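# 3D, please:
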Amino acid sequence: MPLEHQLLVERSKKGDRAAFEHLVQLYENKVYTIAYRLMGNHADAADLAQDSFIKIYQALPNFRGDASFSTWIYHITVNVCRDELRKRQRRPTVSLDEPANDNGSTYEVRSTAPGPEEELDRNETQAMVQRCLNSLSDDYRTVLVMREIKEMSYEEIAEALGCSLGTVKSRLSRARQALKEKISKQMELLPPSNRLAK
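Below you'll find the predicted structure:
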């Protein structure tokens, strides 16, 4: 960690809010990216990135420096996202298509989605890969995001997840294989011009 970052961490631990705000600016894109890759949408990613920084601020006095600051931040962010995913599995969902009351009327939600022409212009390949990534288990998605998107070393991932180096390598290998299989199945659904080169 650069000396400037170390000084900001030390000042933040002593209650210097300006120093913490500077740390947020330094790491906000990385935290947001992790949250987005784990949650799969921008609104949740923004909310959970903010929640992560609240947790980071609250836990800052306990940061001992055993791990790098960025690894520590990634660990907290992953845990915040995992907690939210677990909560969602326990919450009942409300269907907007089912009648809301006895007279049979339904909820109406005005769509903010782009029109059909705009939707066709979107990058279908990227959306398909993100869907495949989102369909992986939490463990697989987390290790892939940390390695392939955040470019963390195997050692940093092991430290952040609290598991052995061998576990990280085998989990990453299985995650890559699972993602490859999901993408291969989805490739047939894309127009030929959007298919990834094999």
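# my guess is Ile183 contacts Val129, does it?
Yes - contact criterion C-beta atoms under 8 Å: Ile183 and Val129 qualify, at 6.4 Å. All C-beta spots, glycine's among them, are computed from the backbone N, C-alpha and C.
# What are the contacting residues of stretch 9-19?
Residues outside stretch 9-19 that contact it (C-beta atoms under 8 Å, 6 or more residues apart in numbering) are Met1, Leu7, Leu8, Phe20, Leu23, Tyr57, Leu60, Pro61, Phe63, Phe69.
# actually stretch 51-69, not the one I wrote
Contacts of stretch 51-69 (C-beta under 8 Å, 6+ apart): 1, 5-6, 9, 12-13, 20, 24, 28, 31, 35, 72-73, 75-77, 79-80, 84, 156, 159-160.
# average pLDDT across that stretch?
In this model, stretch 51-69 carries a mean pLDDT of 89.
# swap in stretch 18-27?
For stretch 18-27, the per-residue pLDDT averages 93.
# One more: stretch 79-92?
The pLDDT scores in stretch 79-92 average 84.
# which outside residues touch it?
The contact list for stretch 79-92 (C-beta under 8 Å, 6+ apart) reads Ile34, Ala35, Leu38, Met39, Asp44, Leu48, Asp51, Ser52, Lys55, Asp138, Thr142.
# pLDDT below threshold where in the chain?
Within the chain, the segments meeting pLDDT under 70 span 1, 92-124, 189-198.
# Domain parsing of it, as residue ranges.
By the assignment in automatic domain parsing, the chain contains the domains 1-90, 116-191.
# Present the ones you listed as JSON lines; the columns should include mean neighbour count.
Listed next are those as JSON lines, based on neighbours: other C-beta atoms under 10 Å:
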{"stretch": "domain 1-90", "mean neighbour count": "16"}
{"stretch": "domain 116-191", "mean neighbour count": "15"}
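# The one helix or strand Ile183 maps to: how far from the chain's middle?
Using DSSP states H and E, Ile183 falls within helix 165-187. How far helix 165-187 lies from its chain's middle: 17 Å, per C-alpha atoms, centre = their mean, to the nearest Å.
# From the contact counts, what lies against it?
Judged by 3 or more C-beta pairs under 8 Å, 6 or more residues apart in numbering; DSSP states H and E, the packing partners of helix 165-187 are helix 124-135, helix 138-144, helix 154-161.
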